[in-house]
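J.: Dropping a prediction and its sequence here:
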Amino acid sequence: MSVNVAGALPSSSGDNLEFLEAGGEIAARSPLQLFWRRFRQDRVALASLGFIVLLVIIALAAPLFVKLFGLPGPNVLNPNLTDEFGAPLGPSGGHPFGVDPLGQDVMSRVIYGTRVSLEVGIVGTAISTSIGVTLGVLAGFYRGWVDTIFSRIADVVLSIPLLLLGLGIGAACAVRGCASGLIQPGLGVIIFLIALANWTYVYRIVRGLVLSLREREFVEASRALGASDARIMFREILPNLVAPIIVYSSLLIPQNILFEAALSFLGVGVRPPTASWGQMIAAATPIFNTAWWYMTFPGVALLLTVLAFNLLGDGLQDALNPRYAR
Amino acid sequence: MGRYIVRRILWGVLLLIVVAALMFVFFRILPTGDPAKLRAGRTASAKLLSEIRHDLGLDKPLLTQFWEFMKELFLHFKLGYSYYSSAPVTELIKNRLPATISLVAGGALIWLLSGVTVGIISAIRRRTVLDRASMGTALVLVSAPEYWLGLIALYFFAADIGKVHVFPGAGTYVGLSSDPGKWFTSLILPWLVVAASNAAIYARLMRGSLIDVMGEDYIRTARAKGLRERRVIVRHGVRSAINPIVTIFGLDIGVLLGSAILVETVFNIPGIGRLNYDAITHADFPIVQGTVLAAALFIVCANIVVDIAYAYLDPRVRYS
């Protein structure tokens, strides 16, 4: 659709000028284009996005990066790298981040730890967002008893202290898994917990938005055209929710990464020999005052990753909701 | 109003019943391990095992076990006995409560004061270097895992092993009643660590909320009346911008009372979180279950208090 407005626009505003295109015809920009125009002005968010892309590449090609830096693999034990008292050696040319008490290279493990953090962050968020969106749309659209049931379940979930429950379930399922093997110890438990816990945030937001959207004319129009409930919910209403869903799920990712690290720190998350940043910090705790490198590098990796996702989330929010941009 | 409060409390009790039932499922039905074996040790005979099962009531049908668990909990406020030490779980939690409350109360005071102050200054000096610097710092603090911050704090400032010997390190906590001076100094580092990430969140919230409020029409009216800017900000702006902060503050305290486990672990403070952590290493599920329920109780109570306070403060809230 294009509208001829040549001459009708005052040329004082630079922003409006950009809308004018050849022949005085302006093409309407898609929401995606508008979003991208705003997003790319935000240098901090762009830098975070760049950093996250780099992290994804590191996670996917971890063995390559380890080779590139000439490091031993993440699980290579080398007793020669600890001194006569068993204390690990600090950073050196061959081991830029030092080694841990088992003689494993810390940098190599930090690189491999990227995999766990991103997997939990992205898969966990994807699952909890899908649950939250589906239930939120259903509750907001049908209201009544559907809404009551889902909202009460959300209330129950919100009153459970998740870290403690996570620890308990992690410990209960640590030996042989839970529910006759349905929930396996390790990453599976963590992702299950995240899915269980975090759908409520998305659910509440989506439900509220659907409650108001369902009263709008376009919903009435498609109903008059004979559209089915499913079509109205997922083809008419849902596309209007893309922006808030993206913003909130991007802010869930860093929370989930921290959750995995905390569980692994407390000893019930990802288990060695798999490298996880939280579990490395836990292993570093007894010797943190002598082997500073062992707690520092996984912690910095975790901090930078979470920070990048937080900054990206802020940037997405500003670009998708320009009214709230500060 | 009275009816609203009663309804709110009844709903809270119902929530706790559901959570308790869930805990029963999670910690009695789901685990594949056998608690009797844990208690008896590795070389237990079959006879001993069956005796222990009988003592713990594990030989009864699950439904009977469930009924007895709920009856004990809601009629006698008893949470059963530790598999490991046989001590009553309610007593254990009661003994650990003061340490957790000390940690949370002090930390909460610090984060509320610092977060709100920084938020107000940032909102007034919006887009200045000061604003950018404090919001940047806030975001870094939000992103840092608190246990890691705790280790860093100990590395630099602990009196025993730190680079600069300033504050008492991990494991120095004493009760308030036994030595108030030591109690205070031993908690300084944990308080700061607990406060750091929350202060950052509050600063960001306060800033956003105040910026929104300062754009309202009545602020312009106040300025047009000729009030001094300071009065406009404090009496008209902050007064209403702080409402959401108060709400979240109540909820956060409820959550933190149960979830201070990370900081308690790093600083070796004998609180509820630490109790849970130690119980997990022994697979002592009655304690795990008890601490989770205690934490859920704090969350539900905090929610009720906040809801009622909000209904008082904001007449627009409908009691339905």
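T.: Perfect, I can see it now.
J.: Run through the residues that contact residue 121.
T.: Picking chain A for this. A:I253, A:P254, A:N256, A:I257, A:E260, A:F309 (CB atoms under 8 Å, 6 or more residues apart in numbering or on different chains). No exception for glycine: its C-beta is placed from N, CA and C like everyone else's.
J.: hm, I was asking about chain B
T.: B:L130, B:D131, B:S134.
J.: By neighbour count, which of these wins?
T.: The residue in the contacts of B:I121 with the most neighbours, by other CB atoms under 10 Å in any protein chain shown, is B:S134 (20 neighbours).
J.: can you tell me which helix or strand that one belongs to?
T.: helix B:129-143 (DSSP states H and E).
J.: For the following helix or strand past that helix, buried residues please.
T.: Downstream of helix B:129-143, the first helix or strand assigned by DSSP H and E is helix B:146-157. Buried residues in helix B:146-157, counting neighbours by 16 or more other CB atoms under 10 Å in any protein chain shown, are found at B:E146, B:Y147, B:W148, B:L149, B:G150, B:L151, B:I152, B:A153, B:L154, B:Y155, B:F157.
J.: Just give me the closest of the contacts of B:I121 to chain A.
T.: Nearest to chain A among the contacts of B:I121 is B:D131, at 9.8 Å by CB to the nearest CB.
J.: Now for the spatially closest residue to the closest one that is not a sequence neighbour: which residues touch it?
T.: Closest residue to B:D131 apart from its sequence neighbours, by CB to CB, 6 or more residues apart in numbering or on different chains: B:S122 at 4.5 Å. Counting by CB under 8 Å, 6+ apart, B:S122 makes contact with B:L130, B:D131, B:S134, B:M135, B:A203, B:R207.
J.: In a markdown table, list these along with pLDDT and distance to B:A36.
T.: Converted to a markdown table, these look like this (pLDDT from 0 to 100; distance: CB to CB, whole Å):
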| residue | pLDDT | distance to B:A36 |
| --- | --- | --- |
| B:L130 | 92 | 63 |
| B:D131 | 90 | 61 |
| B:S134 | 92 | 56 |
| B:M135 | 90 | 55 |
| B:A203 | 93 | 52 |
| B:R207 | 92 | 56 |
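J.: Distance-wise, check the residue of the stretch 201-320 of chain B found nearest chain A relative to B:A260.
T.: Per CB to the nearest CB, B:A295 is where the stretch 201-320 of chain B lies closest to chain A, at 3.6 Å. B:A295 is 10 Å from B:A260, where distance means CB to CB, to the nearest Å.
J.: anything in contact with each of these two?
T.: With CB under 8 Å, 6+ apart as the test, B:A295 and B:A260 both reach B:I272.
J.: Tell me which of those two has more neighbours.
T.: The residue with more neighbours, out of B:A295 and B:A260, is B:A295; 31 against 27, by other CB under 10 Å.
J.: Would you mind confirming that that one makes contact with B:I261?
T.: No: at 9.2 Å, B:A295 does not count as touching B:I261 under the criterion of CB atoms under 8 Å.
J.: list the residues that contact both of those two?
T.: A:L164, B:I272.
J.: Could you measure from A:M280 over to chain B?
T.: 11 Å (CB to the nearest CB, to the nearest Å).
J.: per-residue confidence at B:K60?
T.: Here the pLDDT value assigned to B:K60 is 78.
J.: For it, which non-adjacent residue is closest in space?
T.: B:E68 (7.7 Å).
J.: okay, now that neighbour: neighbour count?
T.: Neighbour count for B:E68, taken as other CB under 10 Å: 13.
J.: One more: A:A154?
T.: 20.
J.: before we move on, what about A:F35?
T.: 18.
J.: Do you know the pLDDT at it?
T.: 83.
J.: Kindly report the same for B:F26.
T.: 80.
J.: repeat for the one 5 residues further on
T.: According to the per-residue confidence, B:P31 scores 67 in pLDDT.
J.: ditto for A:L182
T.: 62.
J.: before we move on, what about B:Y155?
T.: At B:Y155, the predicted lDDT confidence score is 89.
J.: A:G140 against A:G208, yeah?
T.: Yes: with contact defined as CB under 8 Å, A:G140 counts as touching A:G208 (7.1 Å).
J.: and those two? which has more neighbours close in?
T.: Neighbour totals were compared for A:G140 and A:G208, and A:G140 leads with 24 against 14 (other CB under 10 Å).
J.: Just say helix, strand or coil for that one.
T.: Here A:G140 is recorded as helix under DSSP: H, G, I helix; E, B strand; the rest coil.
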